[in-house]
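A.B. asks: Got a sequence here, can you build the structure:
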Amino acid sequence: MNRNSLPTSAKSQPWRYFGLTLILLSLVLLTLPVPRASDRAAYVLEIQGAIGPATRDYVIRGIEQAEQDDVQIVVLRMDTPGGLDASMRDMISKILNADVAIATWVGPPGARAASAGTYILYASHIAAMAPSTNLGAATPVQIGGGEQADRASTPAQRAGDAVIDNEDEELEEQPAEEVPGTATERKVVEDAVAYIRGLAERHDRNAEWAERAVREAVSLTSTDALELNVIDFRVDSIQALLEAVDGQEVQLATRSITLETSNLRIEEMEPDWRNQLLAVITNPSLAYILMIIGIYGLILEGYNPGALVPGVVGGICLLLALYAFQILPVNFAGLALIILGFALIAVELFVPSFGILGIGGVLAVTFG
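C.D. replies: Residues are numbered from 1 along each chain as shown. Model prediction:
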């Protein structure tokens, strides 16, 4: 039989097989996992200003996102005067149990990691500072101050004051107390000392200086911190930090990893508008004012029933302050504000208030 006499369908069969093969290969390639850009990126989270519930939520969500995206390292760029103990401990708990390396860099030059920032720096897998920065002053204090600041700094000074105040009397020499402050203050300080020493021992850093930072409120520059083994690196930028830690082995909560960070792309994770708004509301100074407004507003409403404005403003401010001080979790505070808002709007329908209750209800629901 002549080859030229083959049917047209028989001639086209090899091309059909070739086309089917291309289709199958395309389907296989589509089902293969595609490397994400985040796999070769370092996430950077900004800790700026006082540490509170908003900072806590932002940092924890950022670390969780990094774990989901399977990035190697998260860098916390820090410049903070300190903040709330409860928020700090939640952040440290997440850092210690994270499945991604956490590096804290105090920077840019001129920044500080005071008070709660010192604890976070000690808790991080990698601790670094920029030139012209400082850390320390980690003694826990109560919001609004207290009597501890008015006391003499040493038992000898207090004993001297007693002698001066009673110079006309004959006093027997009294032994100085070794531990100043009330029982509550001593308990808080001892708890903080044990906490920061545990963080220092976990990462093989200077535990003795960490204890001094809590007991004596001492501080260090970045140069001295590097010499005393308080930090691991002193670098000018985050890019320099990534170059410095390349090839370093880091022990995470459940495994050990070797970092490959020399060519990582830096990806900034900016806080959204909700975090920015909550950061303003939960600033400890503003939260203290909200608490005062809330208490006095409810008191004035109690003395003048029907005034409405003090009660509405006081209720909203009090709930916001309870969230800012992390007395109420964010979900409970939001739910309470929403319930209060709808209650005020419902009462507006039956009580003439010239719109005060309605406006207050809308504000409460919006904040909630």
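
A.B. asks: Tell me who's in contact with Ala287.
C.D. replies: By C-beta atoms under 8 Å, 6 or more residues apart in numbering, the residues touching Ala287 are Gly52, Ile281, Leu320, Ala321, Ala324, Phe325. Where C-beta positions appear, they are placed from N, C-alpha and C, glycine not excepted.

A.B. asks: And Thr366, by the same measure?
C.D. replies: Thr366 neighbours (C-beta under 8 Å, 6+ apart): Gly341.

A.B. asks: that older thread, just the ones of the contacts of Ala287 in strands?
C.D. replies: Among the contacts of Ala287, no member falls in strands (DSSP state E).

A.B. asks: Buried residues in whichever strand or helix holds Val362, which are they?
C.D. replies: Element membership of Val362, judged by DSSP states H and E, is helix 356-367. Neighbour counts over helix 356-367 (16 or more other C-beta atoms under 10 Å) mark Ile356, Leu357, Gly358, Ile359, Gly360, Gly361, Leu363, Ala364, Val365, Phe367 as buried.

A.B. asks: nearest residue to the second one other than its sequence neighbours?
C.D. replies: Read it as Leu357. Nearest non-adjacent residue to Leu357, counting by C-beta to C-beta, 6 or more residues apart in numbering: Glu348, 4.1 Å away.

A.B. asks: Neighbours of that neighbour, how many?
C.D. replies: 19 (other C-beta atoms under 10 Å).

A.B. asks: Could you find which two of the buried residues of helix 356-367 are furthest from each other?
C.D. replies: Ile356 and Phe367 (16.6 Å; C-beta to C-beta).

A.B. asks: Number of residues surrounding the residue lying closest to Leu84 once chain neighbours are set aside?
C.D. replies: What sits nearest to Leu84 in space, not counting adjacent residues and going by C-beta to C-beta, 6+ apart, is Gly52, at 5.4 Å. Gly52 has 26 neighbouring residues, counting by other C-beta under 10 Å.

A.B. asks: and Gly52, what is it in contact with?
C.D. replies: By C-beta under 8 Å, 6+ apart, the contact list for Gly52 reads Gly83, Leu84, Ser87, Ala279, Thr282, Asn283, Pro284, Ala287, Ala324, Gln326.

A.B. asks: which residue is nearest the middle of the protein?
C.D. replies: Arg56 (3.7 Å; C-alpha atoms, centre = their mean).

A.B. asks: Now it: which helix or strand?
C.D. replies: Per DSSP H and E: Arg56 is located in helix 53-69.

A.B. asks: which stretches of the stretch 51-200 of the chain form strands?
C.D. replies: 73-79, 101-106, 112-114, 126-129, 134-136 (DSSP state E, counting those that start in this stretch).

A.B. asks: Check what pLDDT Arg186 gets.
C.D. replies: pLDDT for Arg186: 88.

A.B. asks: How about Leu84?
C.D. replies: 88.

A.B. asks: my guess is it contacts Asn283, does it?
C.D. replies: No - contact criterion C-beta atoms under 8 Å: Leu84 and Asn283 do not qualify, at 10.4 Å.

A.B. asks: more crowded one of these two?
C.D. replies: More crowded of Leu84 and Asn283, by other C-beta under 10 Å: Leu84, with 22 against 18.

A.B. asks: How much space separates that one from Ser115?
C.D. replies: From Leu84 across to Ser115, the span is 10 Å (C-beta to C-beta, to the nearest Å).

A.B. asks: for this protein, what helix or strand is lowest in average pLDDT?
C.D. replies: Lowest by mean pLDDT, DSSP states H and E among the helices and strands of the chain is helix 155-165, with a mean of 34.

A.B. asks: which non-adjacent residue is nearest Thr118?
C.D. replies: Closest residue to Thr118 in three dimensions, ignoring its sequence neighbours and counting by C-beta to C-beta, 6+ apart: Ala138, at 4.3 Å.

A.B. asks: Repeat that for Thr139.
C.D. replies: Ala217 (4.3 Å).

A.B. asks: Give the full set of residues in contact with that neighbour.
C.D. replies: By C-beta under 8 Å, 6+ apart, the neighbours of Ala217 are Gly136, Ala137, Ala138, Thr139.

A.B. asks: burial of the last one, as a residue count?
C.D. replies: This points to Thr139. Neighbour tally, Thr139, other C-beta under 10 Å: 19.

A.B. asks: list the contacts for it?
C.D. replies: Ser115, Val189, Ala192, Ala213, Val214, Arg215, Glu216, Ala217.

A.B. asks: returning to what we had before: quick check: the residue nearest to Leu357 vs Gly358, distance?
C.D. replies: Where Gly358 is concerned, Glu348 sits at a distance of 4 Å (C-beta to C-beta).

A.B. asks: Let me know whether Tyr323 touches Cys317 as I believe.
C.D. replies: No - contact criterion C-beta under 8 Å: Tyr323 and Cys317 do not qualify, at 10.9 Å.

A.B. asks: ok, those two, which is more surrounded?
C.D. replies: Tyr323 (27 against 22).

A.B. asks: what separates that one from Thr184, distance-wise?
C.D. replies: Distance from Tyr323 to Thr184, by C-beta to C-beta: 25 Å.

A.B. asks: How about Glu64?
C.D. replies: Per C-beta to C-beta, Glu64 is found 35 Å from Thr184.

A.B. asks: Would you mind listing the buried residues in stretch 238-256?
C.D. replies: Residues of stretch 238-256 classed as buried: Ile238, Leu241, Leu242, Ala244, Val245, Gln248, Val250 (neighbour count, 16+ other C-beta under 10 Å).
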